[in-house]
Structure formats: structure tokens, C-alpha cells
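Asker: Sequence first, then the predicted structure, then my questions.
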Amino acid sequence: MSKFKSYNINQLDKIPQLMLLDHRQMEDIRIVSEIYPFKTNNYVLENLINWTNVPDDPIFRLNFPHKEMLTELHYDQLKWGMRNMDEVSYRNLIHDIRLSLNPHPAGQVDHNTPYFLGEKLEGMQHKYRNTILFFPSHSQTCHAYCTFCFRWPQFVNEPGFKMQAKEIDPLVAYLRANPYISDVLLTGGDPMVMSPRILANYLLPLLEVKSLKVIRIGTKSLSYWPHKFVTDPEKDELLQLLGKVSAAGKHLAIMAHFNHYVEFETAVAQEAIFNLRKIGAEIRTQAPLLRNINNKVRIWSTMWERQVQLGCVPYYMFLPRDTGAQHYFAESLETALHIYRGAVQLTGGLCRTARGPVMSMTTGKVELLDIEDDVYQLRFLQHRNSALAFKTFRARGRNEQPKWFDDLACHDERYREFFADQDDYDRNEVQYGNISLQL
Ligand SMILES: *Cc1c(COP(=O)(O)O)cnc(C)c1O
Ligand code: SF4
């Protein structure tokens, strides 16, 4: 049996494997971790990182911050400030740098919070008609942190950077009042950091809601701590609890985040997948495409093939969001399309359930379909206004190498409505539960 042991930035010296790094690399980790959260654990260190390949190893890049995640200016300011500034000025510098990194892409905190009987339901997001996101207050952390994570502001101690819900009852009431909602997606952080007893408080009341069809749990625990489902003392209790979801006639979807196939090549990860499937859970997989971590055709085709072989269903290939170190992790849209297509073309039909490359933004999730002579063909898979979903539209690049939707401009007036921004929705008070969604 393996015991979970996590390491934060103050425990770097206790990680024996880091003896391999030189003084400069250690300093980089410390400086970048002033801005972004850092956390790793014994399973990742001992099983997922190939230390002969550091610093280029994908899982090392995934877990350990590196210098290029900051601009040179920010890096130098921090390095200087750490030695020369007083505590208060240094804290302010950190705060200002964080604010400059677009900590709330897609309006995570302000937008799409549903209303019920005039009350705002904190810690929930109802953006797309059928699905509501719920952020349990007990899942505001993960078994380790990913360097690229767009949720990074939730893990640092900045007031106003968090969103969380303490109780499930308001959600249950909201679901009963809005029976067209078919899916609840529990997210975080990672809901699988919760003990079965706490998770049960969130999960069991949902099973009583007749109109609810699907419960999804977004998690990276299959990568970062698969022991949760295999050897942890509470694993039987956890599997029994999760088994109740399908026994209650609902679909339980584990939305597993895998960035690289090495994450599910350990025996314990495969046993975790097996144990979840045995209790009736469906495992769907998703990940962003990241430079320095998984930006190769073969990584994706191997990843999808192995996932299908293990009984998982490939779901999304995302592009890294416009926050934090996007400048470091994002490929151009052109490269992303090339990698997605190349990988799909190498795989059998069952792998082709993976949709991508997809950008998740304020107004919706948009899929890049094609690029021809600088004309970008796109479609929203989800849109705030569901009438706009699944219609193709066109854009052109605003610059040489578009990497994100903001780098694209409307191709011609016919497509103007696809480029409306969230502010247009806010001005019209378009909000689920508040007034009906009519534009
Ligand atoms: C991605 C996302 C969903 C789920 O979308 P699906 O296409 O159903 O997977 C729901 N709500 C928000 C806010 C999202 O970002
Ligand atoms: S596990 Fe998910 S939420 Fe946690 S740091 Fe990684 S990407 Fe972010």
C-alpha cells in the first residue's frame, strides 16, 4: 500500500530526486512558484517522471514550474524583489503580476452564475443549457498541480480569486425548478481529493433528482493518485458510493484529464480504470495540447489508442486558455489542427470521438474545423446562446500566427453574431434562472 505524500514549495529540499538539478534550475522553480501554485507528490515523483530525461520529461514539465513561464521582465522583477523589497512591497508586486496574467479567463468568477428566486447561486456556473458546473468547497485543491492550469488563481491565497459552493441543496432546488438540465459536472480543483463521506454529501442528494440524467466528475486523480481507487483505506467506500450513481439509473462520467500516455501505463492506474469501469462508470478523457508536454502527433494517437484499449472514451483536445503562461504552452492554431488531424488519421474509428482542437471561452466552446488560405472554418460545439451551436462560420487571422480566438476576426458580416462577446450578454442580462435566454 502506498501512502500519499505531497510536497509544496517549502519542501523542495525534501524531494530527493531534485538533487539532479543545478542551483539555477532550483532557483527558477522557486521564483516562478511565487506566482503560480506548486504541488507534487510521491507517486508522480516515483512513477511518472523519467528522471534521466529531466528537464525535458513531459511530466516534469507538467508539475515543475520553469523559467519561461514568466516573461523576462516579471522574472527579473521577482528575482530582484525577493532580495531587496520589504515584505509588503514584495506581496504587492506578486499581486500585480498575477492580475496582469488574466486570472479569470472566460469570466470564471463573474459570469454565468445562475439565479434562483432572486438569489445568486455561488460556486456554480450555468452557461450551456443542459449542463451546470458545481465547484464543491471541499475540492479546491488537487493531488498535484499542473503548470499550465487555467484554474491556478483558485489555488493561491488571493482574496476574490476563488469560487466555491458549500452546500448542495440550492443546486438540487435549482435542478428541480429547471428540469431541462440533464448534466451536473462536479469540478474544482479535483473533487476526488474529497473523502467518500464528504463526497457523499454532494452526490447522494443529486440521485434524488429525477430529471437529472448525467453526473460528471472532472478529475486528474487517475494520473496523480490512482491509489484512491485501488489501495487507499477508503477505496471500497468510495467505489460503493460511486456505484450508487449508476444503480440509481444515472450515467456516471469520470472526465479524466490525461496529458500524456505515460500517465496510464502504471499498473495501479490501469487497475484504477478497471475498478471504476466495474462499478458502472464511463471514463471520458480530455487534455489540452501543450508545447513541451504533448505537442506531437504520435503522443496523441498513442494516447487515444491506449485509452480506447483500456475502455476509456476520448472526448476533447483543448487548447490552453488565455491566462497565466499561455504564451509558453500554446501552439498556433495551424499547428494544433495539424496535430489533431495527424493523430486522428493514425487511429481507428473508436478514437475519433475526440473533438478538437477546441477553445473554451467566455461565450462558448469553439472547434477549429479547417484552415484554407488564411480562412478559418469554425463551429461552436457549445454556445451561451444554444441556437448558435453547430453552425459553421468563418474567420480570418488578425496576425501572422493566431493562437486563440481573440487572434481571429470576423470574416464577413454574415458571421457577426458568432463574435459577440460576453459583455453583450451581460448588457442584456442574459442569465439562466434570471430571465429566459432570448437574445
Ligand atoms: C465545457 C463546459 C461544459 C461542458 O460542455 P460539454 O460540451 O457538455 O462537455 C459545461 N459548462 C461549462 C461552463 C464548460 O466550460
Ligand atoms: S489537476 Fe486539473 S484543476 Fe488541478 S492543477 Fe491540474 S489541470 Fe488544474
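Answerer: That came through fine. Ligands and ions are numbered 1, 2, ... in the order given.
Asker: What are the contacting residues of stretch 330-347?
Answerer: 289, 291, 295-298, 300-301, 304-305, 317, 319-320, 351-352, 354, 356-357, 368, 370-371, 376, 401-404, 407 (C-beta atoms under 8 Å, 6 or more residues apart in numbering). In short, each C-beta sits where N, CA and C put it, glycine included.
Asker: Let's see which of the residues you listed end up in helices.
Answerer: 297-298, 300-301, 304-305 (DSSP state H).
Asker: for these, which one is nearest ligand 1?
Answerer: If you rank the ones in helices among the contacts of stretch 330-347 by distance to ligand 1 using C-beta to the nearest ligand atom, residue 304 comes first, at 17.2 Å.
Asker: Counting neighbours, what do you get for the closest residue to residue 352 other than its chain neighbours?
Answerer: Setting aside the residues directly before and after it, residue 352 is nearest to residue 344 in space (C-beta to C-beta, 6 or more residues apart in numbering), at 5.6 Å. Residue 344 is flanked by 19 other residues according to other C-beta atoms under 10 Å.
Asker: So residue 344 versus ligand 1, what's the distance?
Answerer: 18 Å (C-beta to the nearest ligand atom, to the nearest Å).
Asker: Repeat that for residue 100.
Answerer: From residue 100 to ligand 1 the distance is 24 Å (C-beta to the nearest ligand atom).
Asker: One more: residue 154?
Answerer: For residue 154, the distance to ligand 1 - C-beta to the nearest ligand atom - is 15 Å.
Asker: Determine the set of other helices and strands touching the helix or strand encompassing that residue.
Answerer: Here residue 154, judged by DSSP states H and E, is contained in helix 152-155. Applying 3 or more C-beta pairs under 8 Å, 6 or more residues apart in numbering; DSSP states H and E, we find helix 152-155 packed against no helix or strand.
Asker: quick one: whichever helix or strand comes after that helix near ligand 1?
Answerer: Per DSSP H and E, the first helix or strand lying C-terminal to helix 152-155 is helix 169-177. No - Helix 169-177 does not reach ligand 1 (C-beta under 6 Å from any ligand atom); its nearest approach is 13.9 Å.
Asker: now the next helix or strand after helix 169-177, how far from the centre of its chain.
Answerer: Helices and strands here follow DSSP H and E; after helix 169-177, the next one along the chain is strand 183-186. The chain centroid and the centroid of strand 183-186 are separated by 14 Å, computed with C-alpha atoms, centre = their mean, to the nearest Å.
Asker: which parts of the following helix or strand past strand 183-186 are buried?
Answerer: Per DSSP H and E, the first helix or strand lying C-terminal to strand 183-186 is helix 196-207. Neighbour-count burial for helix 196-207 flags 196, 199-200, 202-203, 206 (criterion: 16 or more other C-beta atoms under 10 Å).
Asker: now stretch 310-319
Answerer: 312-319.
Asker: is that stretch anywhere near ligand 2?
Answerer: No - Stretch 310-319 stays clear of ligand 2 (C-beta under 6 Å from any ligand atom), getting no nearer than 10.4 Å.
Asker: Going through the contacts of stretch 330-347, which ones are buried?
Answerer: The buried subset of those - by 16+ other C-beta under 10 Å - is 289, 291, 295, 297, 300-301, 304-305, 317, 319-320, 351, 354, 356-357, 368, 371, 376, 402-404, 407.
Asker: Quick one: mean pLDDT over stretch 289-299.
Answerer: The predicted model gives stretch 289-299 an average pLDDT of 97.
Asker: So what's the gap between it and the chain middle?
Answerer: Worked out by C-alpha atoms, centre = their mean, stretch 289-299 lies 17 Å from the chain centre.
Asker: Residue numbers of the chain in contact with ligand 2?
Answerer: 142, 145-146, 149, 151, 189-190, 220, 257.
Asker: any idea how far residue 374 is from ligand 1?
Answerer: 28 Å.
Asker: got it, and residue 138?
Answerer: 20 Å.
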